[in-house]
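> Got a predicted structure here, sequence first:
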Amino acid sequence: MSSPLLARQGRHLQRYENQLRLVAGCIPYKINGNSSSQSGDLMNRVEVLMISSPGRHDLIFPKGGWEKDETACEAACREALEEAGVRGIIKGVELGHWVFRSKSRQGTGSLEGACKGYMFALEVTEELDYWPEQSIHGRMWVALPQAFQLCRYEWMREALCLFRNRLLPLPELPEPSNFSMVMPAPAEPAIALC
């Protein structure tokens with residue numbers, strides 16, 4: 001069965017900045033299990049959705065052209081729908097942006113084919129049975145450690161690292177309750193007393 005949704009075609013609305021094609025994408029994710037569980041096991045409950053490309057064994061995250069009639073967030077959501085068949089919510093700001101060469105121009109030294117990609121985290125709220133680019137892109141939910149191994153591009157691994165750090169911030173160390181500083185004499189180092 002084909003999808004009633006249609007993917008956008010062509011580049012007549014494509015955004016460019018300083019000869020770079022602007023693209024937007026996202027890391028679709030879900031958190032499995034009980035949300036009241038300890039945050040320490042959150043890393044084990046997070047899965048990200050990755051998509052395949054024809055003739056390749058590695059995976060990527062949904063991304064594509066950012067067009068003139070949409071925001072970067074809207075473009076990222078559209079690409080997730082078209083390429084991965086998911087809808088969701090983008091919370092907060094972008095994970096970052098990267099300059100890279102399109103897959104057809106990876107080995108060239110020219111600016112031609114260079115892109116500037118903006119990546120977001122997309123919390124998945126709906127997974128469709130059929131989607132516009134289903135015949136081109138398969139999809140697979142994977143755990144975070146596996147995603148790092150399967151991801152084709154270094155810049156997407158960097159985005160995945162930023163996503164992980166934003167979702168799972170390092171715990172703050174508590175300050176000792178009775179911490180004082182002894183000022184050094186000119187020839188001796190400072191000593192912290194706890």
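Alright, I've got the coordinates.
> Helices of this protein, residue ranges please.
42-45, 72-79, 144-150, 154-167 (DSSP state H).
> Show me the contact partners of the third one.
The set of residues external to helix 144-150 that reach it, using C-beta atoms under 8 Å, 6 or more residues apart in numbering, is M43, V46, E47, V48, M50, D58, L59, V142, R157, L160, C161, R164. For every residue, glycine as well, the C-beta is placed using N, CA and C.
> redo that, cut-off 10 Å
27, 29, 43-50, 52, 57-61, 140-142, 156-157, 160-161, 163-164, 167-168 (C-beta atoms under 10 Å, 6 or more residues apart in numbering).
> Number of residues surrounding C77?
Neighbourhood size, C77 [other C-beta atoms under 10 Å]: 23.
> How about T125?
Quick note: T125 (other C-beta under 10 Å) scores 10 neighbours.
> Just the pLDDT at the residue nearest to the spatial centre of the chain, thanks.
Geometric centre of the chain, nearest residue: I27, 3.5 Å, by C-alpha atoms, centre = their mean. Confidence at I27, expressed as pLDDT, is 97.
> Likewise for D58?
81.
> average model confidence for the strand of greatest length in the chain?
The residue-count maximum for a strand in the chain (DSSP state E) belongs to strand 114-127. For strand 114-127, mean pLDDT is 96.
> Mind picking out the helix or strand in the protein with the poorest mean pLDDT?
strand 191-193 (a mean of 35; mean pLDDT, DSSP states H and E).
> How many residues are close by V86?
Neighbours of V86 using other C-beta under 10 Å come to 24.
> wait, what's in contact with it?
26, 28-30, 49, 51, 62, 77, 80, 122-128, 131, 139.
> what about burial for those, which qualify?
Among these, those scoring as buried are 26, 28-30, 49, 51, 62, 77, 80, 122, 124, 127, 131, 139 (criterion: 16 or more other C-beta atoms under 10 Å).
> residue contacts, the residue nearest to the centre of the chain?
48-50, 61-63, 76, 80, 95, 119-122, 144, 147, 151, 156, 159-160, 162-164, 167.
> What ranges does this protein have for its strands?
16-17, 20-31, 46-51, 63-65, 86-90, 96-101, 114-127, 139-143, 180-182, 191-193.
> Turn the ones you listed into CSV, columns for distance to A72.
Converted to CSV, the strands of the chain look like this (distance: least, C-beta to C-beta, whole Å):
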stretch, distance to A72
strand 16-17, 12
strand 20-31, 5
strand 46-51, 19
strand 63-65, 11
strand 86-90, 9
strand 96-101, 9
strand 114-127, 5
strand 139-143, 22
strand 180-182, 47
strand 191-193, 46
